[in-house]
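Engineer: Pasting the sequence and the predicted model now:
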Amino acid sequence: MKTIVGLEIHVQLSTATKLFCGCSTDYRDDEPNTHCCPVCLGLPGALPRLNQKAVEYGLRVAKALDMEVPEESEFARKNYFYPDLPKAYQVTQYDKPLAIAGTVEIEDDEGHEKIVRITRVHLEEDPGRLVHVAGGSKYSLVDYNRSGIPLLEIVTEPDMRSPQEARRFLNKLRTILEYLGVFDGDREGSLRVDANISLEGSVRVEVKNISSYKGVEKALTFEVTRQKNLLRRGQTVTRETRHFMEGRGITTSARSKEEEHDYRYFPEPDLRPLRVAGWVAEIDLPELPVARKNRFMEQYGISLNHARTLTGDPKLADFYERVASVEPVLAATWVADTLLGELNYRDMSIAAVPPDRIAELLELLKEETITDKAGVQVLREMLDSCAAGKPCEMPAAIVEREGLGKATGGEFTPIVQAVIAANPQAVEDYRTGKKGALNFLVGQVMKETRGRADPRELGRIVSGCLETGGV
Amino acid sequence: MVTESDIEHIAELADIGISKDEVPEFTTQFNAILDYFEVLDTVQGESAPADGITNVFREDEPRPCLPQEAALVNAGSTENGFIKAPRVM
Amino acid sequence: MAGTLNFSPDDRYNAFITTCREAPFCDGALAGTAVAVKDNISTAGIRTTCASRILESYVPPYDAHVVGLLREKGAAIVGKTNMDEFGMGTTTETSAFGPVRNPVDPSRVPGGSSGGSAAAVAAGFVPMALGTDTGGSIRCPAAFCGIVGLKPTYGRVSRYGLIAYANSLEQIGPMARTVEDVSRLMSVIARYDPHDSTMLDRPYDHRPSADIAGLRVGVPEEYFGEGVDPRVAETVRDAIGVLEGLGADTVPVSIPGMRHALAAYYVICTSEASSNLARFDGVRYGPAVDTKKTWHEAYQDLRQAKFGTEVRRRIMLGTFALSAGYAGRYYAKAQVARRNIKEDFERAFRDADVIAGPTMPTVAFRLGEKTDPLSMYLSDILTVPANLAGVPAISVPCGRVDGLPVGLQLMGRQFEDERVVDAAFAYEQEVRR
């Protein structure tokens, strides 16, 4: 049974001020109702003033998604009552959106490239934030700091065929938006998704209010199972709106009254129409993920997988380009595999890592001053001190302090001799042809030297000692 | 023609409370007004794009916000800097 | 600060909702002049009610742009004037603070919705006042009370701080006993304000001139037809004759779209109002909403209790006109009609420099005379076209019928407010001599 998914994505644009007033958008750590003015509080008599930057950001997205920008677009009022909506209407765009008909390329579940069509993008204002008081209180609390933050709504055609595809689409979209410098996906609540999902031949269900990338896949997976189970039991799927309960990973039916919407859209009389189609030609797009990935492979000679990982986040790609000159392939391995893994483990962002430290580490590795294993140890020390908010020591200093410099053959001879002496059984096994015994002995020496020796070189020394019987 | 139940539906949409005994009078008045509005059926012509000025913008430069107490001063009730509103669950 | 003006009028006409007994003022063109402000224009620190229980104790934290300009030029803001609730009326009887009486004849209404401002000026409490005009709300009370009132070109005066009734139609404008004072007040308030995106930077800097030789005055047949009291029509024709005597030429013009004007106007203004007034839910301002109820229930109870009947009726009409299945027949058609009327005016202004007619079809009604909403709406027929077309229009007293004032309405091309002021000034100077 084919699964059909379409998405409506709301992303907060990273402008300095709100969509229709000069209040700062940097509200996340501040007291409630401190980023407000008559306009975003919806005080009587206040009038909206459109932020030009938000329109420019919207057009940047339109160009990157290869969209058509109509000659004229216009804001409209969407009328409904809800305590987080200060004017009881949302200023949005209705029949004259900013841009229409675009595309995003993703990989389908078989790894083939496919196109997801974008129906439209439009600008609108974010409502305030409702806080539901714990303990069954009989009222809500409203904070209007978020009210008026510019949102770009991106609507897709029903072109995705699985929850996994939807997730990949979102990741791709996020990457593009971050490349364009119009969105910061690290900010809490900066992305919200409504998903339409149906099984072929059955009705469509809308799942509202999904606020994370993982949540989209989870919510859709839950819905696929729920709808399949209904059909399997001979029941029908109801056409309805459902809410995603992030904590429980399930969707629940919204009350039917909330669904009876008649938004009574009409053009916002306090704003003038936009005629910005001509601006699109002037926009210089930055290099987008696909182009950058291809360039990385060509320019740096790195693998498709490394190129894909490194270009998946513009900050990571920038970081890589700052350290790649040391040795591109070595740098790709260390950044895409080792560094990224260590960052994820610590829940750290690449922004917290000084590139010059990693460049120096790569130099030490390239010069074979330290072993890979010692390199990992140095990296961990650096990240741990970064994470603890301490100054990040230079790798060479760590090597010096910890004595992690690669040891030369002669230094190990006494240790090798001690290990051989302590493991007669392994020596015997080696001599009777069990090659595994060599690895065991090398491992023992590595342990004693805390990774400072190059395992291959150590192998030669140990086998040399065994062959010559030179104990 | 609108019926009394149309009037009740409109009141619901507009979140305007309406008492049972007001409904008949509102319905009668509505129908008189809507009869008059029928003249609009004879309007000739197509809707055309808006005329006048376009592209009116503001620079993306932060301006001072209201102090919290000014933002809250007209609210009926507040709690810890939040404005109290009816429950939605 | 230059001084304080003591203000304690014997407000027997109920013209004010709030008076400021000690009104501060600074130096400037209007230094020390008492100016009354309609109570739908926000004044920082002075409550602004729109004559509604729902804003009974609302004190704006900011000044409307025009109020800031008044203060800057030295005006003493002495009070907030009574009005029809949210501007929705033609008589000032829908105020939650009681009706205003017409100083010319206290058994009559002063007209509306800026009835308080008109009465305050006519009674001599203040030399000038601000009103607002959505479909005639400055011109109608000016005509009924025998004073002068100008509805400026749409986009000439900032609406920032004006509590919206119908955004695409309304303007703040000056009211005074003389054209000269109207012009003075206009030159203070018509200053560019970037807060209002529908505004153009076309400041008004004008001293009225009585020289109208060669002015072409268009006389539309539609302004003298059915529904217009023949004695009012006659009085206005005589006034036009005075303009001819001053060297103006009259030309017949036609506004065929007039037959749709009133319906189009009421569809548009109620539609916009239904959205504008939705924010009054008792959460951020206004009487505290009952937070223990669910939100729809709480809002419905509050809005039923605190809005007057006419406001509720118009909110419901607009909600209906925008609702699914009806928007095409009402809202969309009204927009087409509006455009047609605008084109009618453009055509007429090829042959005429100003268009003249009565401001109102009758003289002031008796208090309580108009009970049926539709018959009340019909009395706006001669004022709404200027709002639909966005053109400037002035009402200047031009005689009396049954001892009650009649207004001559003069409309001009967009941004030619100066020209209608000059025509009104020429008439006024001539008849006062």
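Structural biologist: Okay, I see it.

Engineer: only C-alpha atoms for contact and neighbour calcs from this point on.
Structural biologist: Noted.

Engineer: So for whichever residue of chain B sits closest to chain A, what's the nearest residue that isn't a sequence neighbour?
Structural biologist: Proximity of chain B to chain A (CA to the nearest CA) peaks at B:Arg87, 4.1 Å away. In space, and not counting its chain neighbours, B:Arg87 is closest to A:Tyr139: 4.1 Å by CA to CA, 6 or more residues apart in numbering or on different chains.

Engineer: Wait, C:Ala166 touches C:Tyr265, no?
Structural biologist: No. Assessed by CA atoms under 8 Å, C:Ala166 is found out of contact with C:Tyr265, at 9.9 Å.

Engineer: Touching both of these two, which residues are there?
Structural biologist: Residues touching both C:Ala166 and C:Tyr265 (CA atoms under 8 Å, 6 or more residues apart in numbering or on different chains): there are none.

Engineer: Distance of the closest residue to chain C within the stretch 151-300 of chain A relative to C:Gly318?
Structural biologist: Relative to chain C, the nearest point of the stretch 151-300 of chain A is A:Arg264 (5.1 Å; CA to the nearest CA). In this view, A:Arg264 and C:Gly318 are 10 Å apart by CA to CA, to the nearest Å.

Engineer: Looking at those two, which is more packed in?
Structural biologist: The neighbour comparison of A:Arg264 against C:Gly318 (other CA atoms under 10 Å in any protein chain shown) goes to C:Gly318, with 27 against 24.

Engineer: now whichever helix or strand that one is part of: mean pLDDT?
Structural biologist: Secondary structure assigned from DSSP states H and E places C:Gly318 in helix C:309-322. Helix C:309-322 carries an average pLDDT of 96.

Engineer: where exactly do the strands run in chain C?
Structural biologist: Ranges of strands within chain C are C:3-6, C:16-19, C:22-25, C:34-38, C:76-81, C:128-133, C:148-151, C:171-176, C:216-220, C:249-253, C:354-358, C:393-401, C:404-412, based on DSSP state E.

Engineer: ok, and what's touching the biggest strand by length in chain B?
Structural biologist: Scanning chain B for the strand with the most residues, using DSSP E, yields strand B:82-85. Strand B:82-85 is touched from outside by A:32-33, A:83, A:139-143, B:72, B:75-78, C:283-284, C:289, C:291, C:295, with contacts defined as CA under 8 Å, 6+ apart.

Engineer: coming back round to it: ok, how many other residues are close to the residue of chain B closest to chain A?
Structural biologist: Here the number of neighbours of B:Arg87 (other CA under 10 Å) works out to 23.

Engineer: again, but for A:Glu188
Structural biologist: Number of residues near A:Glu188 (other CA under 10 Å) recorded here: 10.

Engineer: now swap in the one 4 residues further on and tell me
Structural biologist: Using other CA under 10 Å, the number of residues around A:Arg192 comes to 21.

Engineer: residues contacting the residue nearest the centre of chain B?
Structural biologist: Of all residues in chain B, the one closest to the mean position by CA atoms, centre = their mean is B:Ala14, 6.7 Å from it. For B:Ala14, the contacting residues are C:274, C:278, C:315-316, C:319, by CA under 8 Å, 6+ apart.

Engineer: rewinding a little: I figured the residue of chain B closest to chain A hits C:Lys293, correct?
Structural biologist: Yes. With contact defined as CA under 8 Å, B:Arg87 reaches C:Lys293; the gap is 6.5 Å.

Engineer: Which parts of chain B are helices?
Structural biologist: In chain B, the helices defined using DSSP state H lie at B:4-13, B:23-37, B:68-72.

Engineer: what's the answer for chain C, then?
Structural biologist: C:65-72, C:115-122, C:139-145, C:179-189, C:230-245, C:258-276, C:295-306, C:309-322, C:333-351, C:373-378, C:384-389, C:417-432.

Engineer: Among these, which comes closest to B:Ser47?
Structural biologist: Nearest of the helices of chain C to B:Ser47, taken as CA to CA: helix C:333-351 at 5.4 Å.

Engineer: residues making contact with the closest one?
Structural biologist: By CA under 8 Å, 6+ apart, helix C:333-351 touches B:40-41, B:43-48, C:216, C:218, C:251, C:253-258, C:260-261, C:263-265, C:267-268, C:355, C:385, C:388-390, C:412-413.

Engineer: near chain A, which residues of chain B show up?
Structural biologist: Residues of chain B that fall close to chain A, judged by CA under 8 Å from any CA of the partner chain: B:13, B:15, B:50, B:53-68, B:71-72, B:79, B:81-88.

Engineer: Now the buried members of those residues.
Structural biologist: B:13, B:15, B:54, B:56-58, B:60, B:65-66, B:68, B:71-72, B:81-88 (16 or more other CA atoms under 10 Å in any protein chain shown).

Engineer: Return the per-residue confidence for A:Asp337.
Structural biologist: Taking A:Asp337 on its own, its pLDDT is 87.

Engineer: For burial, what's the neighbour tally of it?
Structural biologist: Other residues near A:Asp337 come to 14 when the count uses other CA under 10 Å.

Engineer: what's the distance between it and A:His306?
Structural biologist: Using CA to CA, we find A:Asp337 at a distance of 8 Å from A:His306.

Engineer: Also C:Leu169?
Structural biologist: 61 Å.

Engineer: So these two - more neighbours on which side?
Structural biologist: Set C:Leu169 next to A:His306 and count neighbours by other CA under 10 Å: C:Leu169 wins out with 23 against 19.

Engineer: residues in contact with that one?
Structural biologist: C:134-135, C:154, C:269, C:387-388, C:390.

Engineer: what are the phi and psi angles of it?
Structural biologist: The phi/psi pair for C:Leu169 (degrees, to the nearest 10) reads phi -110, psi -30.

Engineer: And C:Ser42, by the same measure?
Structural biologist: Torsion angles, degrees, to the nearest 10, at C:Ser42: phi -70, psi 130.

Engineer: residues near it, how many?
Structural biologist: Neighbours around C:Ser42, by other CA under 10 Å: 31.

Engineer: For it, give me the pLDDT.
Structural biologist: In this model, C:Ser42 carries a pLDDT of 97.

Engineer: All the strands of chain A, residue numbers only.
Structural biologist: Under DSSP E, chain A gives strands at A:3-12, A:76-79, A:89-92, A:99-107, A:113-125, A:129-132, A:140-143, A:150-156, A:191-199, A:205-210, A:240-245, A:250-253, A:266-267.

Engineer: how about those strands in CSV, adding distance to C:Thr94 and mean pLDDT?
Structural biologist: Formatted as CSV, these follow (distance: least, CA to CA, whole Å; pLDDT from 0 to 100):
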stretch, distance to C:Thr94, mean pLDDT
strand A:3-12, 43, 94
strand A:76-79, 26, 97
strand A:89-92, 26, 97
strand A:99-107, 45, 92
strand A:113-125, 35, 95
strand A:129-132, 36, 86
strand A:140-143, 33, 92
strand A:150-156, 39, 97
strand A:191-199, 45, 91
strand A:205-210, 43, 88
strand A:240-245, 42, 86
strand A:250-253, 45, 86
strand A:266-267, 28, 96
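
Engineer: is it possible to export the ones you listed to a markdown table including distance to C:Ala190?
Structural biologist: Formatted as a markdown table, the strands of chain A follow (distance: least, CA to CA, whole Å):
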| stretch | distance to C:Ala190 |
| --- | --- |
| strand A:3-12 | 37 |
| strand A:76-79 | 28 |
| strand A:89-92 | 28 |
| strand A:99-107 | 37 |
| strand A:113-125 | 30 |
| strand A:129-132 | 38 |
| strand A:140-143 | 36 |
| strand A:150-156 | 32 |
| strand A:191-199 | 43 |
| strand A:205-210 | 46 |
| strand A:240-245 | 50 |
| strand A:250-253 | 54 |
| strand A:266-267 | 26 |
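
Engineer: Distance to chain B added to the ones you listed, as TSV?
Structural biologist: Shown next, in TSV, are the strands of chain A (distance: least, CA to the nearest CA, whole Å):
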stretch	distance to chain B
strand A:3-12	15
strand A:76-79	9
strand A:89-92	12
strand A:99-107	16
strand A:113-125	14
strand A:129-132	8
strand A:140-143	5
strand A:150-156	12
strand A:191-199	20
strand A:205-210	15
strand A:240-245	13
strand A:250-253	13
strand A:266-267	10
